[in-house]
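Chemist: Fold the following, please.
(2 chains)
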Amino acid sequence: MQSLIEFAVGLIFGLGLLVSGMTDPSKVQGFLDLAGAWDPSLAFVMGGAVMVGLLGFGIAKKKTISLSGAPFNWPEMKQIDRPLVLGSLMFGVGWGLAGFCPGPALVTMASGNGKAFVFVLAMLAGMVLFDRFKKRDN
Amino acid sequence: MDIDWHHFTPGSSLLGGILLGIAAGVLFLNSGRILGITGILEGLLTPTSEDSPWRLTFLLGLLASPLVAKLILPANLLHAPRIDASWAVVIVAGLLVGFGTRWGAGCTSGHGICGLSRLSVRSLVATLSFMCTGFITVFVIHHLL
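Modeler: Numbering: from 1, shown residues only, chains lettered A, B, ... in the order given. Alright, predicted model coming up:
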């Protein structure tokens, strides 16, 4: 039953990305292009998602345990530090260059798109590379 | 500022956003997990034995979505992806996105959707940071190069 719910959540998330336009890189870049012909659509994606999300996380705050019985994994990190800002700035450059963030890239790859497939491979390589750097630093 | 009315899709984008919010809310309320693609991929790349297989199940659902969309959704709701970036740029962008999201511990889903919904200041800073360089990068490639 839990597996079914988790599969359905992944499916709904993917359908949301497809319907919203997030899986079309030219549309994402159209949103990021403030100086050109600006397409504000993605503000509506974020608006709709956060509107519903506020409700969901608001309910969770009043509860002590999740419906499945597992504890709520509230993120514990609170501090604004260099890794957070530098990593996010770096992510934004890649996002702007190709118009893909991780979720939409996976969905577009699954629709059989070659460039999205290559993007996902490079993204996974970037993640592994980060782990190597981190291990070396420690 | 010029609005691109031709490509503006407030209805389907709002609907898609609501679906994203439902997925994030249901996953947390049901499983107590943050719906963040970066964290989910991290968990899959470095699995621990005690961890539940929820990440893999979620990912399978996500990857099944284009096929399901084709079967159940009207064609006019779906956008065909158009990727203007060259193969070389796609590779560089992928590396930056992979490294950057792990470094910053989250992406558009974990920091953007879940973080803002939790009213997390940390996630707000992350979201403003990646949007800022996203705007600058597109300005450079569309208007300066």
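
Chemist: looking at it, residue B:16 is touching residue A:47, isn't it?
Modeler: No. In this structure, residue B:16 is not within contact of residue A:47 by C-beta atoms under 8 Å, at 11.1 Å. The way it works is simple: take the backbone N, C-alpha and C, and place the C-beta from them, glycine included.

Chemist: If you count surrounding residues, which of the two has more?
Modeler: Taking neighbours as other C-beta atoms under 10 Å in any protein chain shown, residue B:16 and residue A:47 compare with residue B:16 leading, 28 against 16.

Chemist: And what about the more buried one, helix, strand or coil?
Modeler: helix (DSSP: H, G, I helix; E, B strand; the rest coil).

Chemist: and the gap between it and residue A:94?
Modeler: 22 Å (C-beta to C-beta, to the nearest Å).

Chemist: out of everything not next to it in sequence, what's closest to residue B:18?
Modeler: Leaving aside its chain neighbours, residue B:18 sits nearest to residue A:48 (4.3 Å; criterion: C-beta to C-beta, 6 or more residues apart in numbering or on different chains).

Chemist: And that neighbour, which helix or strand is it part of?
Modeler: helix A:41-61 (DSSP states H and E).

Chemist: which helices and strands sit right next to the following helix or strand past that helix?
Modeler: Using DSSP H and E, the next helix or strand after helix A:41-61 towards the C-terminus is helix A:82-98. Judged by 3 or more C-beta pairs under 8 Å, 6 or more residues apart in numbering or on different chains; DSSP states H and E, helix A:82-98 is in contact with helix A:25-32, helix B:87-103, helix B:121-139.

Chemist: Tell me how far the second one lies from the chain's centre.
Modeler: Helix B:87-103 sits 14 Å away from the centroid of its parent chain (C-alpha atoms, centre = their mean, to the nearest Å).

Chemist: what's in contact with that helix?
Modeler: When contacts are defined by C-beta atoms under 8 Å, 6 or more residues apart in numbering or on different chains, helix B:87-103 is touched by residues A:83, A:86-95, A:97-98, A:100-102, A:105, A:115, A:118-131, B:38, B:42, B:83, B:85, B:107, B:130.

Chemist: now swap in stretch B:135-142 and tell me
Modeler: A:29, A:32-36, A:92-93, A:95-97.

Chemist: Mind giving me the ChimeraX command for buried ones among the residues you listed?
Modeler: Applying 16 or more other C-beta atoms under 10 Å in any protein chain shown to these, the buried members can be selected in ChimeraX as follows:
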select /A:29,32,33,36,92,93,95,96,97
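
Chemist: Understood, closing this out.
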